[in-house]
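1. Quick one: sequence and predicted model below, then my questions.
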Amino acid sequence: MSVVTVEERGPVSIIAIDRPEKLNAINKAVAIELKEAFAAFDRSDQRVAILTGNGGRAFSAGADVTDLPELWRCVPTVGIATEKPIIAAVSGWCIGGGLVMAMMCDLLVAAESARFSYPEGKVGITGGLIAGLAARIPHKIAMEMMLLGEPIGAERAYQIGLANRVVPPGREVEEAIAMADKIIDLAPLALAAMKRFVNDGVLPKGPAELAARYGAELAAVRNSTDAAEGILAFREKRKPRYRGR
């Protein structure tokens, strides 16, 4: 059974975590399916993606501790590479890794029911990507969220710049679609360039984000056909025939 749903409304893709009975906690299957869904979105002619959680009670409760995923692999701008805009539509709880995923999106619509929290200090573990929060909202407020682990509501998220819009519960996806409809009237290449300039040239990257980004690039080289050919050629004492893949 799929744990991620994809719905296309014209040039807009709505990608939703579909584990409402588990508050949309991210397990290994969710991480894999999210990455696949965003890869398909990036290859397609779709213009904007909306990331949300089904059920209304939670965007995501974060990583599923009973089936821990490599969370970074499904985090926008980290394990998910696309220059197309991504909008988070958040209702209910947005906790831990869920907060990381939402904050890494380009825009964020919060229902009035949204609650944002990073309680990992209480659990005794962190993946480190949350450091990027301090690049997206004021430093002291980011530190308060991390060090105290207390939740903030939708209105507070709007005040500190974490959310772009606050809407009544159940309207968050429709508001995200309304924003997407404005985006699709604009020039795709210009938007992609602006997103790339901000993500690559303006926003600071924490150690975990840098490790994830460069680790993925190194893994791609290490697992390439050229790498296998180079090793084989060395063993066979011949000149390698590289193909750039």
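-> Arrived safely.

2. When you work out contacts or count neighbours from here on, use the C-alpha atoms and nothing else.
-> Noted.

3. how about the strands in the protein?
-> Counting by DSSP state E, the chain has strands at residues 4-9, 12-17, 48-53, 58-60, 86-90, 93-95, 107-111, 115-117, 152-153, 165-167.

4. contact partners of the second one?
-> What that stands for is strand 12-17. 3-8, 24, 30, 34, 37, 41, 46-54, 59-60, 177, 180 (Cα atoms under 8 Å, 6 or more residues apart in numbering).

5. And those residues, which of them are buried?
-> 3-6, 24, 30, 34, 37, 41, 46-54, 59-60, 177, 180 (16 or more other Cα atoms under 10 Å).

6. What helices and strands are in contact with the least confident helix or strand in the chain by mean pLDDT?
-> Every helix and strand of the chain was ranked by mean pLDDT, DSSP states H and E. The lowest is helix 207-222, at a mean of 87. When contacts are defined as 3 or more Cα pairs under 8 Å, 6 or more residues apart in numbering; DSSP states H and E, helix 207-222 packs onto no helix or strand at all.

7. Could you list the residues in contact with that helix?
-> Contact partners of helix 207-222, identified using Cα under 8 Å, 6+ apart, comprise Trp72, Val78, Gly79, Gly127, Gly128, Leu129, Ala227.

8. Quick one: neighbours of the residue nearest to the first one when sequence neighbours are not counted, just the number.
-> For Trp72, ignoring the flanking residues on the chain, the nearest one in space by Cα to Cα, 6 or more residues apart in numbering is Gly79 at 5.4 Å. Counted by other Cα atoms under 10 Å, the residues lying close to Gly79 total 18.

9. next one: the one 3 residues further on
-> Look at Thr82: counted by other Cα under 10 Å, it has 18 neighbours.

10. Please tell me how far the residue nearest to it when sequence neighbours are not counted sits from Tyr118.
-> In this structure, Thr82 finds its nearest non-sequential neighbour in Asp42, 5.8 Å apart by Cα to Cα, 6+ apart. Distance of Asp42 to Tyr118, given as Cα to Cα, to the nearest Å: 29 Å.

11. related to what we said a few turns ago, any chance of the strands of the chain in TSV with distance to Ala193 and mean pLDDT as columns?
-> Formatted as TSV, the strands of the chain follow (distance: least, Cα to Cα, whole Å; pLDDT from 0 to 100):
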stretch	distance to Ala193	mean pLDDT
strand 4-9	24	98
strand 12-17	20	99
strand 48-53	15	99
strand 58-60	29	99
strand 86-90	14	99
strand 93-95	29	99
strand 107-111	16	99
strand 115-117	30	99
strand 152-153	33	99
strand 165-167	24	99
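
12. Using a markdown table, please lay out these together with distance to Tyr242.
-> Listed next are the strands of the chain as a markdown table, based on distance: least, Cα to Cα, whole Å:
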| stretch | distance to Tyr242 |
| --- | --- |
| strand 4-9 | 38 |
| strand 12-17 | 37 |
| strand 48-53 | 36 |
| strand 58-60 | 44 |
| strand 86-90 | 36 |
| strand 93-95 | 46 |
| strand 107-111 | 41 |
| strand 115-117 | 48 |
| strand 152-153 | 53 |
| strand 165-167 | 50 |
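
13. out of those, nearest to Ala134?
-> Minimum separation from Ala134 across the strands of the chain (Cα to Cα) falls at strand 115-117, 14.2 Å.

14. tell me what the closest one is packed against?
-> strand 93-95, strand 152-153, helix 154-159.

15. How far off centre is it?
-> Remark: strand 115-117 is offset 16 Å from the chain centroid, using Cα atoms, centre = their mean, to the nearest Å.

16. Check stretch 52-59 too.
-> Averaging C-alpha positions (Cα atoms, centre = their mean) puts stretch 52-59 15 Å from its chain's average.
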